[in-house]
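Student: here is my input; please provide its structure:
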Amino acid sequence: MILVQWVPRYGLHFIISALLLLKLGSAMLMLKAGDSVEIATALFLALNRISTEGVCKLLDLSLSDLADEDYVINKRRHPLPALSSEPSLFSDDSDNLLHQYSDSGSSQATAAPQGSSTEAEIPGFAEDSLEGFSRDLHVDTNPKLREVAFAMLVWTPLVLALVQSIAWARVTLRGRYLQNIKQAVLSKV
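Tutor: Purely as a prediction, here's the structure:
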C-alpha cells in the first residue's frame, strides 16, 4: 500500500490526520452538492472507502508504536503481544464476516414460510399503523426516502470522521517523542 511507504517521510500521525480530513472534507462537499449530482456521490463513496481503508491499515503501525511505548515506559522484558492482535477486530477481515453471513443463504432462514403473511405473525401489527407512510420503497420515486438515504449516506461518515479526528488529535505519540521511544526500543534489543 502506498500510504505505508509515505510514513517514514511524512509521519504516521500526519497521514492518518490527512485521511480523516479527506473523509470529513468530502462529506462536507457532498452536503453542499446534494443528492442530485450522481458523479459527486460516486466520488464521495470512493474517497470515503479509500480514507476508511487507509486508516484501518495504518492503525497496525499506531498500535505497534503504543506497544513500543509501553515496553519502554514500563520497562517490560517483552513487548505486549495483546496490542498486536487488536487491529484484526477493526480490519477488513471482521467486515468480511458480515458479507459471509449475508451471502450464506441466511435470508432463507429469516424468510416467512410460503402461504403465510409476515404481517399477521407480528403481534400488535395493524395495517392502520402504516397510515401516512408510502409503501413505495424506490428511491427514484419516493423523495422522502431519497432524502433519508442521502442523509444517512453523508451524515454517518461526517460524524464519524469528526469524532475520529477529535480522538486522533489527542494522540501524543508522534514527532520527537516517538523517535525517542523507537531509539530506546532499538537500544534494548
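
Student: okay, now the unreliable bits of the chain?
Tutor: 1, 79-140, 189 (pLDDT under 70).

Student: what ranges does it have for its helices?
Tutor: In the chain, the helices defined using DSSP state H lie at 2-10, 12-33, 38-73, 82-85, 92-103, 106-110, 118-121, 143-169, 175-188.

Student: reformat those helices as JSON lines; add mean neighbour count.
Tutor: No exception for glycine: its C-beta is placed from N, CA and C like everyone else's. JSON lines is the format used below for those (neighbours: other CB atoms under 10 Å):
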{"stretch": "helix 2-10", "mean neighbour count": "12"}
{"stretch": "helix 12-33", "mean neighbour count": "18"}
{"stretch": "helix 38-73", "mean neighbour count": "17"}
{"stretch": "helix 82-85", "mean neighbour count": "12"}
{"stretch": "helix 92-103", "mean neighbour count": "10"}
{"stretch": "helix 106-110", "mean neighbour count": "8"}
{"stretch": "helix 118-121", "mean neighbour count": "10"}
{"stretch": "helix 143-169", "mean neighbour count": "15"}
{"stretch": "helix 175-188", "mean neighbour count": "12"}
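
Student: quick one: the closest residue to residue 44 other than its chain neighbours and residue 51, what's the gap?
Tutor: In space, and not counting its chain neighbours, residue 44 is closest to residue 30: 4.3 Å by CB to CB, 6 or more residues apart in numbering. Using CB to CB, to the nearest Å, residue 30 is found at 13 Å from residue 51.
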